[in-house]
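**Student:** return atomic coordinates for the entry below.
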Amino acid sequence: MISKIFAGALSALLLVLAVYFYRTYLLFETRMFQQNSYRPERFMRWWRGPRNAYSAFLAWLLPLPVKIPLAVTARVKRLFVTDIILTLLLFAGGVWGCLALCGSFSCASGALDAGLASDRAAGTSDVAGICGLPWGGWSLPLAIWVVSSVLLMASKWILLLANAVNQPIEKAITRWYYNDAARMLREHKGLIVIGVTGSYGKTSTKNYLYRILSEKYNTLVTPGNFNTTLGVVRTIREQLQPHHQVFIVEMGAKQPGDIREICDLVHPSIGIVASVGPMHLETFGSLENIQKTKFELVRALPADGFAAINADSPGIASYQDIPTHCRVIRYGVDKAGNSLSLRRDDAALSPDRDDAALSPDRDDTAPSLRRDSFRARKLSYTTQGSTFELSYDAFAAPSAAGVAAGLAAADMVSVPGDVPHVHASVAMQTHLLGESNIQNIVGACAVASFLGVTPAQQKSAVAKLQQVENRLFVSRQGAVTVINDAYNSNPEGAAMALDVLRDIQGGRKILITPGFVELGARQADACYQLGFKAAFCADILIVVNQLNRDAILSGARDAMARDRAGKQSREASGQDDSPSLSSVRLKEENILCKDDLALVFEALPALLKPGDVVLYENDLPDTFK
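**Tutor:** Numbering: from 1, shown residues only. Coordinates of the predicted model:
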């Protein structure tokens with residue numbers, strides 16, 4: 001009797017644990033499935049990644065903080081229901097099968113040894129402690145344990161099966177939503193649709209453009225990370241109102257065709273390409289595919305459309321197939337002459353790379369491909385933000401989009417004729433830091449000027465822009481300045497953040513970073529270059545996590561070794577060896593390695609001094625934690 005009660009209690013405990021672990025795994029895997037756009041091939045590619053079993057284990061045991069939480073949409077709820085039903089069916093069938101198997105074993109044992117019958121009846125047989133429902137009821141907890149373990153290990157396959165079962169329903173629902181959103185756009189006459197894309201910087205550019213255009217227009221913008229076709233559809237159906245004059249659409253992509261799909265829905269007349277870089281190389285396959293995909297936005301514009309492209313982005317500057325069927329202008333930021341390039345060769349020890357290819361004097365054969373029309377000059381940083389001078393071309397006539405919105409020629413920034421060179425400037429001040437942020441502001445101002453927002457209105461809006469959390473976000477913690485750039489995950493943005501760290505007012509400069517992920521074959525080299533440049537910009541380097549540690553440390557130590565060799569050479573030749581911009585600041589004893597951010601936080605109080613400036617550069621995404 002006691003044996004049966006204990007077996008029942010153990011069965012109940014195992015059921016509770018099975019439900020807990022199943023719930024944890026279901027939430028974790030569904031979140032990852034959602035972040036991979038509900039696409040099985042992307043989900044499995046992520047799952048097969050080198051650190052994802054470890055990620056799953058941690059998520060199973062610990063309530064780790066996440067960057068992007070699970071959005072419990074109607075689709076997710078339907079997926080939950082199907083997954084739960086399938087799991088219950090498999091669980092019930094598995095337990096019944098185990099019990100039947102144990103029963104068969106019991107009968108076979110009785111036939112082979114009838115003498116065990118009395119022991120089984122008394123519950124004293126050793127075999128009774130192992131198997132057989134008639135031998136004390138131990139087969140039930142055993143069955144629950146075996147089946148639960150198998151189902152947990154197969155949970156991702158059950159999730160994919162649930163998704164496959166729901167596919168016909170999801171396709172029908174998605175098509176209906178898509179057609180309804182397309183209908184709403186067709187019925188909204190005169191709506192100006194602006195597409196914003198880029199490997200990085202698109203969210204910030206979208207937000208800045210929204211703030212500037214709001215000085216003149218009733219504007220709708222896709223919220224948060226709603227940059228997929230389904231996210232845009234949801235925004236249209238839930239938020240688009242008759243009074244809206246402008247609709248700003250952020251367009252994300254993980255494979256060729258993603259941006260074209262969004263453009264086929266919203267039909268933009270204006271576009272911004274904020275950057276092109278090696279992001280999501282594992283799904284794109286090559287930088288060339290990324291370039292083609294980002295410029296799907298420009299190709300989708302009408303002949304009277306307008307595009308602004310970031311001339312400072314190497315992936316844009318090197319692209320040879322920029323569409324010329326519509327008006328295209330470049331924008332960017334003039335180098336201050338003291339920015340160190342992120343390179344491993346000897347050029348990294350001298351001032352910035354050769355930007356002749358991006359010069360305003362560069363000739364373009366295509367008449368619609370305008371020279372650098374909007375540029376920020378005289379950029380400087382303080383702990384309060386940035387100041388710069390915005391130099392721009394004027395637009396001599398209202399755009400077709402402006403005419404559609406009811407603008408007159410007097411509404412536009414106008415000059416006699418169509419002047420192709422910089423002719424005017426406006427002093428700007430913003431709370432934001434970093435060349436990347438200034439680039440995004442300039443791109444937004446280019447489009448705003450095209451739509452008739454005056455320089456005075458632009459200046460007022462730029463001054464009111466608020467810092468975006470985790471993107472070069474500056475705060476004070478006691479006597480220490482903290483720059484939080486945790487959401488920056490690209491080499492180009494990291495280089496700009498390091499320039500800010502080096503140039504901002506303050507005492508010692510401290511860099512905390514785990515490096516980059518999702519860069520494919522370029523990841524190790526990008527992390528090497530990050531460490532190399534960090535040696536010039538930081539007094540203390542803290543490398544978080546083991547994933548990119550060797551590459552970052554190798555870059556930093558190579559920079560220090562070359563700097564020592566250069567100093568010895570100059571001393572031997574009697575040359576001046578005074579500190580300069582290109583001097584390495586980092587020393588070996590100021591390099592720290594920590595396995596996770598929690599350990600960094602434990603070490604910081606004893607490390608920090610008043611006046612220090614700390615830069616948190618990048619944070620590993622949820623799929624790599």
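
**Student:** any idea whether the closest residue in space to Leu592 that isn't next to it in sequence is helix, strand or coil?
**Tutor:** Ranked by C-beta to C-beta, 6 or more residues apart in numbering and with sequence neighbours excluded, the top spatial neighbour of Leu592 is Ile542, at 4.6 Å. From N, CA and C alone the C-beta is placed, and that goes for glycine too. Judged by DSSP: H, G, I helix; E, B strand; the rest coil, the three-state class of Ile542 is strand.

**Student:** do Glu518 as well
**Tutor:** coil.

**Student:** wait, it touches Leu281, no?
**Tutor:** Yes: here Glu518 lies in contact with Leu281, judged by C-beta atoms under 8 Å, at a distance of 7.1 Å.

**Student:** what about Cys593, which SS state?
**Tutor:** Going by three-state DSSP: Cys593 is strand.

**Student:** ok, the closest residue in space to Gly94 that isn't next to it in sequence - contacts?
**Tutor:** Closest residue in space to Gly94, ignoring its immediate chain neighbours: Val147 at 3.6 Å, by C-beta to C-beta, 6+ apart. The contact partners of Val147, by C-beta atoms under 8 Å, 6 or more residues apart in numbering, come to 90-91, 94-95, 98.

**Student:** export the helix or strand that contains Val147 to PDB, keeping only CA atoms.
**Tutor:** According to DSSP states H and E, Val147 maps onto helix 139-153. C-alpha atoms of helix 139-153 as PDB (Å, rounded to 0.1, in the frame of the first residue of the first chain):
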ATOM      1  CA  SER A 139       5.500   1.400 -14.300                       C
ATOM      2  CA  LEU A 140       3.400   4.700 -14.300                       C
ATOM      3  CA  PRO A 141       6.200   7.000 -13.000                       C
ATOM      4  CA  LEU A 142       8.700   5.200 -15.200                       C
ATOM      5  CA  ALA A 143       6.500   5.700 -18.200                       C
ATOM      6  CA  ILE A 144       5.900   9.400 -17.400                       C
ATOM      7  CA  TRP A 145       9.600  10.000 -17.000                       C
ATOM      8  CA  VAL A 146      10.600   8.200 -20.300                       C
ATOM      9  CA  VAL A 147       7.900   9.800 -22.400                       C
ATOM     10  CA  SER A 148       8.400  13.300 -21.000                       C
ATOM     11  CA  SER A 149      12.100  13.100 -21.600                       C
ATOM     12  CA  VAL A 150      11.600  12.000 -25.200                       C
ATOM     13  CA  LEU A 151       9.000  14.700 -25.900                       C
ATOM     14  CA  LEU A 152      11.200  17.500 -24.400                       C
ATOM     15  CA  MET A 153      14.000  16.400 -26.700                       C
END
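
**Student:** how about the helix or strand just after it: buried residues?
**Tutor:** Next along the chain after helix 139-153, taking DSSP H and E as the criterion, comes helix 155-187. For helix 155-187, a neighbour-count test (16 or more other C-beta atoms under 10 Å) marks 155-156, 158-163, 165-166, 177-178, 181-182 as buried.

**Student:** need the contact partners of the next helix-or-strand element following helix 155-187.
**Tutor:** Downstream of helix 155-187, the next assigned helix or strand under DSSP H and E is strand 192-197. Residues from elsewhere that reach strand 192-197, judged by C-beta under 8 Å, 6+ apart: 185, 202, 205-206, 209, 217, 245-253, 259, 262-263, 266-274, 294, 297, 300, 401, 404-405, 447, 451.

**Student:** confirm Phe210 sits in a helix?
**Tutor:** Small correction: residue 210 is Tyr, not Phe. Yes: assessed with three-state DSSP, Tyr210 lies in a helix.

**Student:** the stretch 401-550 of the chain: helices as residue ranges?
**Tutor:** 435-450, 455-464, 491-503, 523-537, 549-573 (DSSP state H, counting those that start in this stretch).

**Student:** Leu592: which of the ones you listed is closest?
**Tutor:** Proximity to Leu592 (C-beta to C-beta) singles out helix 549-573 among those, at 10.6 Å.

**Student:** just want the angle from that closest one to strand 540-544.
**Tutor:** 160 degrees (axes from the mean of the first three to the mean of the last three C-alpha atoms, to 10 degrees).

**Student:** quick one: helix 549-573 to chain centroid distance?
**Tutor:** Put simply, helix 549-573 sits 33 Å off its chain's centre (C-alpha atoms, centre = their mean, to the nearest Å).

**Student:** what does that helix contact?
**Tutor:** 344, 346, 348-349, 513, 515, 523-525, 527-536, 541, 543, 576-577, 583-584, 586-588, 591, 593.

**Student:** so where's this structure uncertain?
**Tutor:** Filtered on pLDDT under 70, the chain yields the residue ranges 1-2, 49-67, 103-137, 336-372, 393-423, 488-489, 570, 573-582, 620-625.

**Student:** domain map for it?
**Tutor:** Using automatic domain parsing, the domain parsing of the chain gives 2-166, 188-352+365-464, 473-624.

**Student:** Ala274 against Asn310, yeah?
**Tutor:** Yes: Ala274 lies in contact with Asn310 (C-beta under 8 Å); the separation is 5.5 Å.

**Student:** before we move on, the earlier item: mind checking which of the helices of the stretch 401-550 of the chain is nearest Ser475?
**Tutor:** helix 491-503 (14.1 Å).

**Student:** any idea of the angle the single longest strand found in the chain forms with helix 435-450?
**Tutor:** Looking across the chain with DSSP state E, the single longest strand is strand 369-382. Relative orientation of strand 369-382 versus helix 435-450 (the same axes, to 10 degrees): 130 degrees.
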